[in-house]
Structures are given as C-alpha cells and as structure tokens.
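A.B. asks: Sequence first, predicted model second:
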Amino acid sequence: MKWLVSISAAAVIAAAAVCPSGALGAEYPQVSARAAVVISADTGEIVHGVNASEKLPMASTTKIMTTLLCLESGGLYEEFTVDSDAIKVEGSSMGLQEGDTVTKYALCCGMLLPSGNDAANAAAVRIAGSIEAFAEMMNDRARQMGLSRTYFVTPSGLEGEGHGSSAADMALLAREALRNDIFRSICSQSSMKVKFGSPPYDRWLRNTNKLLGMYDGVYGVKTGFTDEAGRCLVSACEREGKDLICVTLSDSNDWNDHMALYDSSFENVRLAEICLPQDISADIVGGNAERLRIVPEKDTVSVTTLAGSEEDFTFTVMSSPFLYAPVNEGDKVGSLSVSFLGREVERVDLFAAENVSAKAVKPRNKSLFQKIMDKIGSFFSH
C-alpha cells in the first residue's frame, strides 16, 4: 500500500473529538525496582515512570524482540532440524536436543513461555545464519522503533558487553510486539501443547509469567532473570477497555509492584473515543466520476490516554495513488491510519461509499484501410 497524496483535508488535519471518562489523581506506590514504567498500550504515552530511561540489563525480556523477528520472518510452520551448536546454551530451556525437528512457531512458544535460551539461539541461527548476524537484525529493528537506549548482543538475554535497554524502551518494544496477533496469542497462554523432537511429539510448555493468573486482565508478556539483571518483568493488562503495559527492571518484588502500579495507573488514565473523519475522498480514474467518497468501517476508535488532546491525533489514508473504476459501494479501498504524536495507534479499513461505473468506450472510426480489409475478408468468407 502507498501513501495516498490526494485526499480530503479532513483526513490529514487533527480533528478528533475526545470524550474523557474516569477519575484522575490516584497516588503511585513506592516500588522495589531500580527502573519502572507504565505506558498506554495504545498511544505509547508514559503514564508513570521511575528511572525509565536508564539503560540496564534486561535478561530474558530480550526474547520479546527475538520472538517478534522470528514471527516476522515467515515460514512459521515449516519443519527443520535445529542447529546442534546453537542449542548448547546455559540457563532456561524448552528442552531441545541435537537432531530435534521443530518449527519457528514452536520456538516462539519456547521463548515466550518457558523462556528457552535454546529456542532463542535456534531461531537466531535459522533466521540469520549466526548469533552475531541476528543481533545486527535486532539492533536494526530497535533503531526503526526509535529505541535509543537499547542494544542487543544475544537473542536470549544472557549478558554480553553493552547488552541492555531501558524500561521505557522495553515498554515500547512490547507495544510493537503485541500488535502482532500471534505474539499476543502466545504470550497470553499459561501453558501450551507444542510438538517437537526426533521424531516430533506433543509436549506441554508452561509459562513463567505467574502474573497471568494473579491479576485480572493481564495478557502477557515476558519474565527475565540473571544474576546481573535481577528479576525483570514486562506485562500487559486490559481492564474496562483501558490497555496498559508495565515494565520493571531489577525488581525483587515484581509481581506485587506490577499489581500496585496497575491499580494506580488504571485510575489515572482515561478512555477517549476518537471520532474518525467521515468526509474522505480519493481520485478515481476510468469512471463516470473523478472523485470517490470513502468511509471508515467504524465511526470512532477507543484509545487509552493520560493527557492526549484532539490536537495530538492525526489521520492518514493508506491506499494506492489512484483507484480504478468500476468500484462498488462497500468495496474495501484502503485503510485509515490513526496516529498519536506520529505513533500509529490503529488502522481502520476504508470502504467505498458509492458506486462508480466504468466509462463506456466509444468505438473508433475505422480507417479506409481497415474498411478495405473488412471487404476482402467478407468476400473470402462466402
């Protein structure tokens, strides 16, 4: 899909109507974490932070990036044999052994649930050919996301020189990963049945994230621990339509701290209904009209926000530079990107609001030569 330059002004001018709800003013608890942050999963706004920009080791929460890149690499269900050297790694494991047949999907489950270092290394080598090459991919993706305090050396989170991130960066990484439906589905499971082995057979993997069963609305994301990093936790929680992400680094009381931070944060954010533009139009060629009226599939989107105002939301139509007739009312013709301060919040499908039929093609007058040829053809056909 390409940016559609020729669109109505309402689609690019911030014209959202924000309707706040909820009470503000809850006090935040003292936490044991060296660094902590809560952000809106919708907008990425920092709701509350403690040393949120300090770069620290983040242990196996690193696997959020590894899993995201694995999911984005495609071929999730193709079977292959794990690299025998890659799986020889210390620490937590999903149980891979030399000669095992596995899929990338199973490796993603092995990273997000039991936090398998073997799964992370196997995925890295399968995708990039080596641990080092995969780390370059991780850092490239981090730069694309604007994670300025993040540097990856290993796919598993085992420490390497310079390997680290900030609580704020890890929250934004989790936000991006959770926009992937498969990632969100896996990290929300307390346990999963996965097939791998030599030959493959079913076995159960259990999630190390105890918060899934401790606090209402939690649906992810990832635990981590090393001696250097301490206990690290990235979680996500949705309640009454509000959606938040919490990160703590080096926190000996992480389960309780996350629950306490959510208690306060849900009181301090509001759910805004952003009214989408309805008077969008696009160029159309080859039809009985030059412009086509377009409407979004819904009138509003719900957004969790701390202090966002209507001026902070913008809209951009994503479609081909030109639409071609015929187009029928109800045909999908693109999508509407809703952004908060330049960060995409949601994409909404766009549909044609009217029929535009193709122009009738007038027959061309035949040349004298064509008329003579037609006569000759007619003569020989008798």
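C.D. replies: Looks like it arrived, so ask away. For clarity, every value in this text was computed on a predicted model and none was experimentally measured. Residues are numbered from 1 along each chain as shown.
A.B. asks: for residue 298, helix, strand, or coil?
C.D. replies: coil (DSSP: H, G, I helix; E, B strand; the rest coil).
A.B. asks: Domain map for the protein?
C.D. replies: 2-16+276-352, 35-268 (automatic domain parsing).
A.B. asks: which stretches of the stretch 201-350 of the chain form strands?
C.D. replies: Using DSSP state E, counting those that start in this stretch, the strands of the stretch 201-350 of the chain run over 218-226, 230-239, 242-249, 270-275, 280-285, 291-296, 300-305, 313-319, 323-324, 332-340, 343-352.
A.B. asks: Dump the domains of the chain to JSON lines, plus distance to residue 359, mean pLDDT and mean neighbour count.
C.D. replies: Backbone N, C-alpha and C define where each C-beta goes, glycine included. JSON lines is the format used below for the domains of the chain (distance: least, CB to CB, whole Å; pLDDT from 0 to 100; neighbours: other CB atoms under 10 Å):
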{"stretch": "domain 2-16+276-352", "distance to residue 359": "6", "mean pLDDT": "84", "mean neighbour count": "17"}
{"stretch": "domain 35-268", "distance to residue 359": "41", "mean pLDDT": "98", "mean neighbour count": "20"}
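A.B. asks: closest to residue 71 out of the strands of the stretch 201-350 of the chain?
C.D. replies: Of all the strands of the stretch 201-350 of the chain, strand 218-226 sits nearest to residue 71, with 13.8 Å by CB to CB.
A.B. asks: Need the contact partners of the closest one.
C.D. replies: 57-64, 91, 112, 115, 157-159, 174, 177-178, 184, 187-188, 208-209, 211-212, 231-238, 245 (CB atoms under 8 Å, 6 or more residues apart in numbering).
A.B. asks: Relative to residue 360, tell me which of the domains of the chain wins on proximity.
C.D. replies: domain 2-16+276-352 (8.8 Å).
A.B. asks: still on that earlier bit, any chance of a markdown table for the domains of the chain, columns distance to residue 369?
C.D. replies: Below are those laid out as a markdown table (distance: least, CB to CB, whole Å):
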| stretch | distance to residue 369 |
| --- | --- |
| domain 2-16+276-352 | 29 |
| domain 35-268 | 55 |
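A.B. asks: Determine which of the ones you listed approaches residue 26 most closely.
C.D. replies: Across the domains of the chain, closest to residue 26 is domain 35-268 (CB to CB), at 3.6 Å.
A.B. asks: how long is that closest one end to end?
C.D. replies: End-to-end span of domain 35-268 (CA to CA, to the nearest Å): 20 Å.
A.B. asks: Identify the bridge partners of the closest residue to residue 297 other than its chain neighbours.
C.D. replies: Once flanking residues are discounted, residue 297 sits nearest to residue 349: 4.6 Å by CB to CB, 6 or more residues apart in numbering. Counting by DSSP bridges, residue 349 forms beta bridges with residue 335.
A.B. asks: Also residue 195?
C.D. replies: Applying DSSP bridges, one finds that residue 195 bridges with residue 202.
A.B. asks: Correct me if wrong: it contacts residue 205.
C.D. replies: No - Residue 195 is not in contact with residue 205 according to CB atoms under 8 Å; the separation is 10.8 Å.
A.B. asks: got a list of what residue 68 touches?
C.D. replies: By CB under 8 Å, 6+ apart, the neighbours of residue 68 are 141, 173, 176, 177, 180, 183.
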